[in-house]
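Trainee: Quick one, what's the 3D model for this:
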Amino acid sequence: MFFITITIPKMKKTFTLIFLTILTMTVNAQVTTLQKNEKEDSTIAVIGYFCKNDTMEYQRIQGKMKIVDNDTTQRGDVLEKFMVVVTDSTADGYKMEIIPISCEIEGEDNDYQTRMASLLWDEVKNLRCRFSTDELGKVLHIDNWREIRDVLKKSYVKVFDNLYSSMPGLDSVMPRKQLENLILLGCATEDGIKGQYDELDMLFGLHGSEVTMKPVESDDVSESGFPTHSYIESFYPAPEDEYDLEGDYVVQARTETQLSGDDVQDLVGSTLGMIFSGELSDSVKKYTDEALSGNKQGMTAINKEQYCYFFNGWPKLMKKIVEINLAGLVKRIEYDAIEWIRRRWN
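Mentor: The predicted model follows:
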């Protein structure tokens, strides 16, 4: 889900949090851009060999840390459990469903983002996502996206009602109408709903791809237009326990993106007004200019990704870590991991 993290007191640290929230939105890990389409002698093809009634239960942990002036703060973790069930299998692909099981959120009383997530979970905990894939397991459509859209729109309004009534000063910092319009716009299309279910991309985003086993490094330009150095490899690891199977495989990548101080200033300046009030937007912009003026270090964003699959293409363990270092002033680390806990295959 799309959330903005903000703390009203201690404005200097607030500004750095806003920086990193905005910048994180622009440097998503892009392992798919590293895939090699040409035929290689040694490659691993990510293909799903699923069967009707196959069921996988997963646990997902998300969290973040920030380091400011050597002071490390751990933000609340979100622990989710859900099932993925194959409801139909045809020659053209699969019909599947995500079924929520539970959600535990730490620190919801102290953190704006986790509190909002908790409120939203209460509204959507019985909502199932039905999706279809091609014959290789690549997600094609959210079949009930309109149903999900309607539920989310009503749910977000209730969440905002609760949030803004309990935090009277929030509207002056982050006008409700602006935030509400931005989030509801993200729920208006099928692609927007896919973005809400980002676990689908983690689990099935590489299906249908062929990745070389020979490590590949490259220097390129990211989708956002910034210089990026990338590394990717795939391999068959040796089984370590009774749950590992012969033929299980791993794809992992690391990308490092560099932004100059001028790039960061331009990026922050062009996005602040979409969310925050004019007064806060101007203050943050001023702080950005003062902090980064003439600073050649700018920002470094490092994305580390690892995707582990069973031999039949079922996702096994998927991990992402994003590290953002802003001009040596503050570092933000976000982690996201989905791991299987139960399986039933037919």
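
Trainee: Now stretch 172-187: buried residues?
Mentor: 174-175, 179-180, 183-184, 186-187 (16 or more other CB atoms under 10 Å). (C-beta placed from N, C-alpha, C; glycine too.)

Trainee: With stretch 242-253 instead?
Mentor: 248-253.

Trainee: Make JSON lines from the buried residues of stretch 172-187 and add distance to residue 233 and secondary structure to it.
Mentor: Formatted as JSON lines, the buried residues of stretch 172-187 follow (distance: CB to CB, whole Å; DSSP: H, G, I helix; E, B strand; the rest coil):
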{"residue": "174", "distance to residue 233": "42", "secondary structure": "coil"}
{"residue": "175", "distance to residue 233": "46", "secondary structure": "coil"}
{"residue": "179", "distance to residue 233": "40", "secondary structure": "helix"}
{"residue": "180", "distance to residue 233": "43", "secondary structure": "helix"}
{"residue": "183", "distance to residue 233": "37", "secondary structure": "helix"}
{"residue": "184", "distance to residue 233": "41", "secondary structure": "helix"}
{"residue": "186", "distance to residue 233": "34", "secondary structure": "coil"}
{"residue": "187", "distance to residue 233": "37", "secondary structure": "coil"}
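
Trainee: For residue 198, state which of those residues is nearest.
Mentor: residue 186 (11.7 Å; CB to CB).

Trainee: The residue lying closest to the closest one once chain neighbours are set aside sits in which helix or strand?
Mentor: Among residues not flanking residue 186 along the chain, residue 192 sits closest, at 4.7 Å (CB to CB, 6 or more residues apart in numbering). In the assignment (DSSP states H and E), residue 192 maps to helix 190-196.

Trainee: related to what we said a few turns ago, any idea which of the buried residues of stretch 172-187 the model trusts least?
Mentor: Across those, no position has a lower pLDDT than residue 174, which has 75.

Trainee: Now it. Its backbone dihedrals?
Mentor: phi -130, psi 90 (degrees, to the nearest 10).

Trainee: any idea how far it is from residue 84?
Mentor: 35 Å (CB to CB, to the nearest Å).

Trainee: Check residue 155 too.
Mentor: 22 Å.

Trainee: And those two? Which one has more around it.
Mentor: A direct count of neighbours by other CB atoms under 10 Å for residue 155 and residue 84 places residue 84 higher, at 23 against 18.

Trainee: Look up the closest residue to that one, ignoring the ones flanking it.
Mentor: residue 56 (4.9 Å).

Trainee: List the buried residues in stretch 333-342.
Mentor: 333-338, 340.

Trainee: sorry, back to before: okay, the residue nearest to residue 186: pLDDT?
Mentor: 92.

Trainee: what about this structure, any weak spots by pLDDT?
Mentor: Applying pLDDT under 70 to the chain flags the ranges 1-41, 69, 72-76, 107-113, 222-224, 265-297.

Trainee: elements contacting the helix or strand containing residue 153?
Mentor: Assigned by DSSP H and E, residue 153 belongs to helix 145-166. Under the contact criterion of 3 or more CB pairs under 8 Å, 6 or more residues apart in numbering; DSSP states H and E, helix 145-166 touches helix 112-124, helix 170-173, helix 176-185, helix 190-196.

Trainee: again, 6 Å this time
Mentor: helix 112-124, helix 176-185, helix 190-196 (3 or more CB pairs under 6 Å, 6 or more residues apart in numbering; DSSP states H and E).

Trainee: Ok, which of those comes nearest residue 305?
Mentor: Of all these, helix 190-196 sits nearest to residue 305, with 17.8 Å by CB to CB.

Trainee: Please enumerate the strands of the stretch 201-346 of the chain.
Mentor: Here the stretch 201-346 of the chain has its strands, by DSSP state E, counting those that start in this stretch, at 210-212, 216-221, 227-235, 249-259, 299-309, 315-326, 330-344.

Trainee: Residue 124 is nearest to which of the ones you listed?
Mentor: Ranked by CB to CB, the member of the strands of the stretch 201-346 of the chain that lies closest to residue 124 is strand 330-344, at 18.3 Å.

Trainee: That closest one to strand 315-326, inter-axis angle?
Mentor: Angle, strand 330-344 to strand 315-326, by axes from the mean of the first three to the mean of the last three CA atoms, to 10 degrees: 170 degrees.

Trainee: Dump the C-alpha coordinates for strand 330-344 into PDB.
Mentor: The C-alpha coordinates for strand 330-344 follow below in PDB (Å, rounded to 0.1, in the frame of the first residue of the first chain):
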ATOM      1  CA  VAL A 330      20.800  10.400   6.800                       C
ATOM      2  CA  LYS A 331      20.500   6.700   5.800                       C
ATOM      3  CA  ARG A 332      17.200   4.900   5.400                       C
ATOM      4  CA  ILE A 333      17.100   1.100   5.100                       C
ATOM      5  CA  GLU A 334      13.900  -0.700   4.100                       C
ATOM      6  CA  TYR A 335      13.500  -4.500   4.100                       C
ATOM      7  CA  ASP A 336      10.900  -6.800   2.700                       C
ATOM      8  CA  ALA A 337      10.900 -10.600   2.800                       C
ATOM      9  CA  ILE A 338       8.300 -13.200   1.800                       C
ATOM     10  CA  GLU A 339       9.000 -16.800   2.900                       C
ATOM     11  CA  TRP A 340       6.900 -20.000   2.500                       C
ATOM     12  CA  ILE A 341       5.700 -21.700   5.700                       C
ATOM     13  CA  ARG A 342       3.400 -24.400   4.400                       C
ATOM     14  CA  ARG A 343       2.800 -26.100   1.100                       C
ATOM     15  CA  ARG A 344       0.400 -28.600  -0.500                       C
END
